[in-house]
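Engineer: output the structure for:
(chains A, B, C and D)
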Protein chains: 2
Amino acid sequence: MSHQDLQLLSHDCGSCPIRHRAVCARCDADELQQLEQIKYYRSYQAGQTLIWSGDRMDFVASVVTGIATLTQTMEDGRRQMVGLLLPSDFVGRPGRQSAAYDVTAATDLVMCCFRKKPFEELMSKTPHVAQRLLEMTLDELDAAREWMLLLGRKTAREKIASLLSIIARRDASLKLRATKGVVTFDLPLTREEMADYLGLTLETVSRQMSALKRDGVIGLEGKRHVKVADFDRLLEETGDDSDGGFLN
Amino acid sequence: MSHQDLQLLSHDCGSCPIRHRAVCARCDADELQQLEQIKYYRSYQAGQTLIWSGDRMDFVASVVTGIATLTQTMEDGRRQMVGLLLPSDFVGRPGRQSAAYDVTAATDLVMCCFRKKPFEELMSKTPHVAQRLLEMTLDELDAAREWMLLLGRKTAREKIASLLSIIARRDASLKLRATKGVVTFDLPLTREEMADYLGLTLETVSRQMSALKRDGVIGLEGKRHVKVADFDRLLEETGDDSDGGFLN
DNA sequence: CGTTGGGTTGACTTCGCTCAAGTCACGTGG
DNA sequence: CCACGTGACTTGAGCGAAGTCAACCCAACG
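Structural biologist: Alright, predicted model coming up:
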């Protein structure tokens, strides 16, 4: 890890863009101050692998800006993405000393890191961090289960449509735009990363992207910029229940 | 829900078989007593669906004995299992009012249920339940990610071998037998349930079971009883890293 | 202006799915 | 006891969706 990667200037938590969504969301002023003590920022460039599976981990972290991926690799090289981390998502597991997955920057990335030991102590002493982490972990588990349905039972076309709608939705939620009318967004993933997400080959991803374009479901400007004229049409292609039953 | 299904006699938590592994594992005497106040047992027969996705849920619960499954179903009937719940596993999500998945008894089943409202209050007032639930949820998330690798990248044969080794391992951990020498166990799932777990059809499951038998990896007595002479051989067939790197 | 990395497309193969028939163990009623 | 139905499972034949291998495009970059 070179020194250029370290940004030692910590921003004030009060002005943090993920303040209200990250592990620290429920913290009071006092807890926040304790977190300030043990936090530091780190930046990575797109493509960089921050953590290798099996590495000793002496910190946990939140994604501040950018996108990271969690992947598992088999000996023969087959790869499966098992997590897509967006701003406010949490990396690392309190109480575990080595990483279980590779963590890679899909885009340029800024992380807010906490030294693990003091973070664990803080967690055991004050309830708000642990409470929030539980919520976030339960959300991730739900997302993982949706993902399992996708991997186990959806066709290639449905997989692509699902991924596009997931990215569109999250993109909208970051930018607070409604998903009505024409939706446009940039793919933060290469075709190969999309394939690793979906349990496909990159050729199949490419073919199905072309097919969705040919059928007028999506428009493509360049390889990465996607235009969705009729979002409901895209949703139909996902195979999911049309009345996207959002529970709580 | 008929009256025969209710077993109103609560056992003492002290003699509970899952006392040291369930959400209540970290509880002190006082917390345990509070839990006793709000708990009740319920039994179900194999095949019964306890909860339908979308149902209002006024309780959360632990599996005491038996096995339950979580499944998702698409409109056209495609099904994917997304959770396999063993004794001590937790069902339901505090803070959510409706179920996200179908929950079905794979075998006869006894659940220790807690009324949701008081359980949530207990969670917010005392730390030990929430702490334990966080641990358990993180474990489930790890399991879900293994499962995603299986669904996305493994061959049918590897999927079957993986499932068999998972069941063998868990069976051993319940019975405290070492996984050395000849391992034998009963499949708690039908071929169709195995298929729903693995993202396959039941025909493919059946064919691959026959193939593993033909190749001497497993022995079958009847349809459900499995005999594994060489467990390492089975592990090779899973496609996983041979040095089953168990982290913590 | 050649190289490189990401992406597309085509030809062919193959693994797992579909559809269909058949086996086996078990229970039930005549 | 036997005939019958039933449900879980097995096996075969044929097919098709996605994988493999290979050629090619194109934009960026040194």
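Engineer: residues touching the residue lying closest to residue A:64 once chain neighbours are set aside, list them.
Structural biologist: Leaving aside its sequence neighbours, residue A:64 sits nearest to residue A:110 (C-beta to C-beta, 6 or more residues apart in numbering or on different chains; 4.3 Å). Using the backbone N, CA and C atoms, a C-beta is placed for each residue, glycine as well. Contacts for residue A:110 (C-beta atoms under 8 Å, 6 or more residues apart in numbering or on different chains) come out as A:7, A:41, A:42, A:43, A:63, A:64, A:65, A:66.
Engineer: can you check what pLDDT the model gives the last one?
Structural biologist: The predicted local confidence for residue A:66 comes out at a pLDDT of 95.
Engineer: against DNA strand D, how distant is it?
Structural biologist: Separation of residue A:66 from DNA strand D (C-beta to the nearest atom of the strand, to the nearest Å): 19 Å.
Engineer: follow-up on the earlier one: please convert the buried members of the contacts of residue A:110 into ChimeraX selection syntax.
Structural biologist: Only the buried entries of the contacts of residue A:110 go into this ChimeraX selection, using 16 or more other C-beta atoms under 10 Å in any protein chain shown:
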select /A:41,42,43,63,64,66
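Engineer: so which pair among the contacts of residue A:110 is furthest apart in space?
Structural biologist: A:7 and A:63 (14.6 Å; C-beta to C-beta).
Engineer: report the longest helix in chain A, please.
Structural biologist: Ranked by residue count under DSSP state H, the longest helix found in chain A is helix A:127-153.
Engineer: how about that one, does it get close to DNA strand D?
Structural biologist: No - using C-beta under 7 Å from any atom of the strand, helix A:127-153 stays clear of DNA strand D, coming no nearer than 10.0 Å.
Engineer: once you drop chain neighbours, what's closest to the spatially most central residue of chain A?
Structural biologist: Geometric centre of chain A, nearest residue: residue A:85, 1.9 Å, by C-alpha atoms, centre = their mean. Of all residues not flanking residue A:85 in the chain, residue A:68 sits nearest, at 4.2 Å (C-beta to C-beta, 6+ apart).
Engineer: still on that earlier bit, read off the pLDDT value for the residue nearest to residue A:64.
Structural biologist: What the model reports as pLDDT for residue A:110 is 96.
Engineer: likewise residue A:241?
Structural biologist: Note on residue A:241: pLDDT of 83.
Engineer: quick one: residue A:217 and residue A:229, what's the gap?
Structural biologist: According to C-beta to C-beta, to the nearest Å, residue A:217 and residue A:229 sit 9 Å apart.
Engineer: please apply the same query to residue A:156.
Structural biologist: Counting by C-beta to C-beta, the gap from residue A:156 to residue A:229 is 22 Å.
Engineer: how about the residues of chain A near DNA strand D?
Structural biologist: Within chain A, the positions near DNA strand D by C-beta under 7 Å from any atom of the strand are A:155, A:156, A:157, A:199, A:200, A:201, A:203, A:204.
Engineer: quick one: the fourth one and residue B:154 touch, right?
Structural biologist: No - checked against C-beta atoms under 8 Å, the pair residue A:199 and residue B:154 is beyond contact range at 9.7 Å.
Engineer: quick one: residue A:127 from residue A:133, how far?
Structural biologist: The gap separating residue A:127 from residue A:133 is 11 Å, by C-beta to C-beta.
Engineer: same question, residue A:123
Structural biologist: Going from residue A:123 to residue A:133 by C-beta to C-beta gives 7 Å.
Engineer: now do the shared contacts for those two.
Structural biologist: Each of residue A:94 lies in contact with both residue A:123 and residue A:133 under the rule C-beta under 8 Å, 6+ apart.
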